[in-house]
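Participant: prediction below, plus the sequence it came from.
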Amino acid sequence: MKRRDRTPANPAITIQLRLHPVKIFPASRYSPPFKREENTTLLRWAEVCARSFIAFLFLKKREDRGVNHIWFYLTSAILSFCVIVATVRVGNWSVKSLAGPLPPVPPLNVYLDLVFSGKRFAELKEISNLESNEVVQIVEKFRPDLLRARTLADDPAMVALDTKRGWAEAHEEDQKALKRLAVVLILDGKAALNDHRPMDAVASALAAVKVGHSAIRGGTRVDGLTGLIIQAIAVADIQAMIPKLDPAELRMIIKTLQELDGQDESAEQILARDHLWERKTYGVWWGI
């Protein structure tokens, strides 16, 4: 996908800032019908087994006219139910086993540290429309947390996928914490720029972009969308800074964005991992 070149608004600056291309997930290539066809085959097989078993008992009943009708139908229903349950259980186990292992997590992984930093700002309910003095107060109050988050953003981070019950719901809170962390970092950058500290402003904005990359790496499709939202907000903030930055600062931004661009995961990788995680988590019910 081609990138778009944006020229800074200041005519004295001739450096072009290359922004990240927005990834489009080709959902039509990974549509649910493919999943349903794969999984419902097992359920159809279970239904065939149950029908065959009932037909066998019915023929047996015709041979023996002395069989009580109530016990015959009750036994048929119970045994048919057991056949279906056993088939689904075996199919569920086989689907999860054949799906393969989840991606390994590197020894050094600060993803949960970034999430913890984002949860430190949980008390901030409305941070979208704040006055300048309110932004300064928030930044000063959470100065140690912001400095720690900027340091953590430089370390490798990756989503540690899990298939335990309730993990997906807990992970949604982690995603919200990362989005909140990115927004507060952007507010820190705006406060630094208004205070004539452009280097601090650039560092906070780039840290927000790195948080977006960390939210995507190793995650599912939802993680990919979360990271893209964070990156879009952070890059828009960088664009607004351009007229107030000098060429040296712009060169640093370009270099950092190019390095991050080289570490991007493709949409195909993210969707394949999402496909794997769903099979490992939901088994035979995946995609139904």
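Facilitator: The structure has been received and is ready for your questions.
Participant: how many neighbours does the closest residue in space to V136 that isn't next to it in sequence have?
Facilitator: Of all residues not flanking V136 in the chain, A191 sits nearest, at 5.4 Å (CB to CB, 6 or more residues apart in numbering). For glycine as for every other residue, the C-beta is placed from the backbone atoms N, C-alpha and C. Residues within reach of A191, counting by other CB atoms under 10 Å, total 21.
Participant: pretty sure A191 contacts V135?
Facilitator: Yes - between A191 and V135 there is a contact at 5.2 Å, judged by CB atoms under 8 Å.
Participant: need phi/psi at A153.
Facilitator: Per-residue torsions, A153: phi -60, psi -20 (degrees, to the nearest 10).
Participant: can you pull the contacts of it?
Facilitator: Applying CB atoms under 8 Å, 6 or more residues apart in numbering to A153 gives the contacts L114, L206, A207, K210, V211, S214.
Participant: could you rerun that using 10 Å?
Facilitator: A153 sits next to 110, 114, 117, 181-182, 185, 203-204, 206-214 when contact means CB atoms under 10 Å, 6 or more residues apart in numbering.
Participant: can you check K176 too?
Facilitator: Taking CB under 10 Å, 6+ apart, one finds V115, G118, K119, A122, T226 in contact with K176.
Participant: just flag the most distant two among these.
Facilitator: A122 and T226 (17.0 Å; CB to CB).
Participant: look at those two and report which has more neighbours.
Facilitator: Using other CB under 10 Å, the more surrounded residue of A122 and T226 is T226, with 23 against 11.
Participant: what values do phi and psi take at that one?
Facilitator: phi -60, psi -50.
Participant: where in the protein is pLDDT low?
Facilitator: Residues of the chain meeting the criterion pLDDT under 70: 1-74, 76, 87-88, 90-99, 125, 128, 283-288.
Participant: got the domain ranges for it?
Facilitator: Domain segmentation of the chain under automatic domain parsing yields 32-98, 105-281.
Participant: single out the most deeply packed of the ones you listed.
Facilitator: With neighbours taken as mean count of other CB atoms under 10 Å, the domains of the chain reach their highest mean count in domain 105-281, at a mean of 18.
Participant: how long is that domain from one end to the other?
Facilitator: 18 Å (CA to CA, to the nearest Å).
Participant: do the same with stretch 101-116
Facilitator: Chord length of stretch 101-116, first to last residue, is 27 Å (CA to CA).
Participant: going forward, count from 59.
Facilitator: Understood, numbering begins at 59; the last thing we discussed is stretch 159-174.
Participant: list the contacts of that stretch.
Facilitator: Taking CB under 10 Å, 6+ apart as the rule, stretch 159-174 contacts 175, 203, 206-207, 209-221, 229, 231-236, 239-240, 265, 268-269, 272-273, 275-277, 327, 331, 334-335, 338-339.
Participant: where's the nearest residue to R275 once chain neighbours are set aside relative to L334, distance?
Facilitator: Using CB to CB, 6+ apart and skipping residues adjacent in sequence, the residue nearest R275 is M216, 4.8 Å away. For M216, the distance to L334 (CB to CB, to the nearest Å) stands at 15 Å.
Participant: what do you get for K313?
Facilitator: 34 Å.
Participant: how far away is I296 from A180?
Facilitator: Taken as CB to CB, the span from I296 to A180 is 26 Å.
Participant: repeat that for L160.
Facilitator: For L160, the distance to A180 equals 29 Å [CB to CB].
Participant: cool, and T314?
Facilitator: T314 sits 29 Å away from A180, going by CB to CB.
Participant: so what's A261 closest to, chain neighbours aside?
Facilitator: Counting by CB to CB, 6+ apart, A261 lies nearest to R208, which is 6.0 Å off, once chain neighbours are set aside.
Participant: where exactly do the strands run in this structure?
Facilitator: Ranges of strands in the chain, per DSSP state E, are 63-64, 75-76.
Participant: I figured H229 hits L219, correct?
Facilitator: Yes - the pair formed by H229 and L219 meets the contact definition of CB atoms under 10 Å, at 8.6 Å.
Participant: which residues are common contacts for these two?
Facilitator: G277, T278, D281.
Participant: would TSV of those residues with distance to L137 be doable?
Facilitator: Output for these, formatted as TSV (distance: CB to CB, whole Å):
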residue	distance to L137
G277	44
T278	40
D281	45
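Participant: of these, which is the nearest to F139?
Facilitator: The closest of the shared contacts of H229 and L219, once distances to F139 are taken by CB to CB, is T278, at 34.3 Å.
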